[in-house]
Structures are given as C-alpha cells and as structure tokens.
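Q: attaching a predicted model along with its sequence, questions to come.
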Amino acid sequence: MVLKTKEQAKANLENSISYIPSRYAEGVRAADWATPAGSDQAEKNFASGISAAVAAKSRQAAIKKTPNTLWQTNAAELGGAVIGTRIAASLDKWATNWGPKYDRVSSVVRSLPPHVQDWRANINQRLVKTVAAWKGESA
C-alpha cells in the first residue's frame, strides 16, 4: 500500500474546498434529521450518553485540557469574525420569536402600579406581573 505524504493529503484537502460545500449542502437537503432524532430510541440514547458523561466527568476533564488563553484566542478570533453577520442574518427570526413577547411585557410594565415602600407589595404587584408576562401567563 502506498500512502500519500502529509503534504499531498493537505493539498487534496485544500483542493476539496471547491466542491465540498456544495456536496455538503446537497446532502443536508436530502437528509431527514427530525424523524430519527425525535424518536424514543434517540431520547434514550441521549439520556444514557449524558448520564455516562456526567458520571465520568468528561466535560470537566475536557475543560481542564483546554488552556483559558486558547479558549480566549479562539473565541475572539473565530467568534468575533462571524458574530456580526450571524446576528444580521437572524434579525427577522429574532423579531418574529421575541418581538411579540417583548410587546406583551412592555404593555404590562407600562400598566404597573407605582413603586411603594413595602418591598413585598412591589414584588407581588410589579415583579410577579412582569415575570408572568415574560412566561406568557397572566398574574
């Protein structure tokens, strides 16, 4: 068996950049994610995996292997480069999902009675109503 050199393998990977994105998008459009992911078996697998990860403390171990400076660098360089475009791309979804809730809460807040000196009364007459509005319930 003849193996490619690391340089050849890297060159092949680099050359794949021209066609991999379209193949990936094509595969995503053909896939059915929701049916298998929403099954009872998938839920059992998820619960089992989470339980095993918690018992093994694998999350904590992975965090301990990653220096804080590496996380900071990656978050700043990778996250910083895309955060603005991702926010811009999600504005319509944000307005659809969050806008009605915000309108409901704003309406409740405008109708709240004034603050009084009794903190319990403020909680019952103001805070409870505000939190209920955020949750979509009536106080």
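A: The structure has been received and is ready for your questions.
Q: look at Asp32 and give its secondary structure.
A: Using DSSP: H, G, I helix; E, B strand; the rest coil, the structure places Asp32 in coil.
Q: number the residues from 31 up from this point.
A: Sure, I'll start numbering at 31, so the last one becomes Asp62.
Q: per-residue confidence at it?
A: pLDDT for Asp62: 96.
Q: count of residues packed around it?
A: Asp62 has 7 neighbours, counted by other CB atoms under 10 Å. Glycine gets a C-beta too; all of them are placed from N, C-alpha and C.
Q: would you mind measuring from it to Tyr54?
A: Asp62 sits 16 Å away from Tyr54, going by CB to CB, to the nearest Å.
Q: Val135 and Lys159 touch, don't they?
A: No. With contact defined as CB atoms under 8 Å, Val135 does not count as touching Lys159 (9.6 Å).
Q: now name the helix or strand holding Asn75.
A: Assigned by DSSP states H and E, Asn75 belongs to helix 70-86.
Q: just the mean pLDDT for that helix, thanks.
A: Helix 70-86 comes out at a mean pLDDT of 97.
Q: swap in stretch 37-56?
A: Mean predicted confidence for stretch 37-56 is 94.
Q: other SSEs contacting the longest helix along the chain?
A: Selection of the longest helix in the chain by residue count, based on DSSP state H, yields helix 110-140. In terms of contacts (3 or more CB pairs under 8 Å, 6 or more residues apart in numbering; DSSP states H and E), helix 110-140 is packed against helix 158-165.
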